[in-house]
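# fold the following, please.
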Amino acid sequence: MNIFVLLKSTFDTEEKIEIRDNRIDDEAAELIINPYDEYAVEEAVKQRDTHGGEVTIISVGGERSEKQIRTALAMGADKGVLINIQDDLEEPDQFTTVRLLQAFFEDKEVDLILAGNVAIDNASGQVGPRLADKLNLTCITTITSLTIDGGVASIERDVEGDTEIIETHLPLLATCQQGLNEPRYPSLPGIMKAKKKPVDELELDDLDLEEEDVAPKTKTIEVFLPPERKAGKLLEGEVTEQVQELVSLLKHEAKII
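The predicted structure is shown next:
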């Protein structure tokens, strides 16, 4: 099987994020594999181990993204591809990413493409479905189970707390949800092997694209951190007094009634 994983480097939301000039300070931010993409990597490796074939990690980003690709290789993927747009595009959007990936896949034989359901930075959930549309592939989102028998895929997907069961044929693009599997930690042997696995680097010219072909369709106007939470207020007195004070606070301070 020819299995591909779409991997995005995202900011570690557990680390301190600094905003400068309405942008996240890239240099100060720690990058990690988008957590939902880890489910995609794990599932790709499991399917490869079951059915044979090869797992290719593909990421759109800058030079720093190679570290996350190497982590995925240490988890068991076979090779990586970095589409490096660091010197060409400052603020790519989902259109940019999909157009680049579309160009990459034009001459590829695909059985299965896996991606995270959403990225934890922008959380648009657009790249997988839009790419599937461009490649004319069946697309199933938020999958929590995947079984492949021959060319038939049996899938369970999360639908707002319920489960939908689907059967479809390969080739397929699926986006992965929490509950699909438990991503493995890279082992020391895996980390050592990952250093020798190939990571190809492509640029716009390699994909026969110009900057205007992938120019973003959207623009971020402002980025800001959420306001700091104010200290809570403890109401005292009789229940009727507390209710009256609560209503007053909600009306005059919180202004929500």
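# what helix or strand is Glu245 on?
Assigning secondary structure by DSSP states H and E places Glu245 in helix 239-252.
# please state the offset of that helix from the chain centre?
In this view, helix 239-252 has its centroid 44 Å away from the chain centroid, taken as C-alpha atoms, centre = their mean, to the nearest Å.
# all strands for this structure, in order.
2-6, 9-11, 19-20, 23-24, 31-33, 54-61, 79-84, 112-116, 138-149, 152-159, 162-169, 172-176, 199-202 (DSSP state E).
# tell me which of those is the most buried.
strand 112-116 (a mean of 27; mean count of other C-beta atoms under 10 Å). For glycine as for every other residue, the C-beta is placed from the backbone atoms N, C-alpha and C.
# could you measure from Ala194 over to Leu180?
To Leu180, Ala194 is 23 Å away according to C-beta to C-beta, to the nearest Å.
# could you do Ser248 as well?
Applying C-beta to C-beta to Ser248 and Leu180 gives a distance of 49 Å.
# repeat that for Gly61.
Distance of Gly61 to Leu180, given as C-beta to C-beta: 24 Å.
# JSON lines for the strands of the chain, including distance to Pro92 and mean pLDDT?
JSON lines is the format used below for the strands of the chain (distance: least, C-beta to C-beta, whole Å; pLDDT from 0 to 100):
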{"stretch": "strand 2-6", "distance to Pro92": "14", "mean pLDDT": "98"}
{"stretch": "strand 9-11", "distance to Pro92": "12", "mean pLDDT": "87"}
{"stretch": "strand 19-20", "distance to Pro92": "19", "mean pLDDT": "74"}
{"stretch": "strand 23-24", "distance to Pro92": "13", "mean pLDDT": "70"}
{"stretch": "strand 31-33", "distance to Pro92": "15", "mean pLDDT": "90"}
{"stretch": "strand 54-61", "distance to Pro92": "7", "mean pLDDT": "96"}
{"stretch": "strand 79-84", "distance to Pro92": "10", "mean pLDDT": "96"}
{"stretch": "strand 112-116", "distance to Pro92": "16", "mean pLDDT": "97"}
{"stretch": "strand 138-149", "distance to Pro92": "21", "mean pLDDT": "96"}
{"stretch": "strand 152-159", "distance to Pro92": "28", "mean pLDDT": "95"}
{"stretch": "strand 162-169", "distance to Pro92": "30", "mean pLDDT": "95"}
{"stretch": "strand 172-176", "distance to Pro92": "19", "mean pLDDT": "97"}
{"stretch": "strand 199-202", "distance to Pro92": "15", "mean pLDDT": "96"}
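# so which of those strands is nearest Glu241?
For Glu241, the closest of these is strand 19-20, at 42.5 Å, according to C-beta to C-beta.
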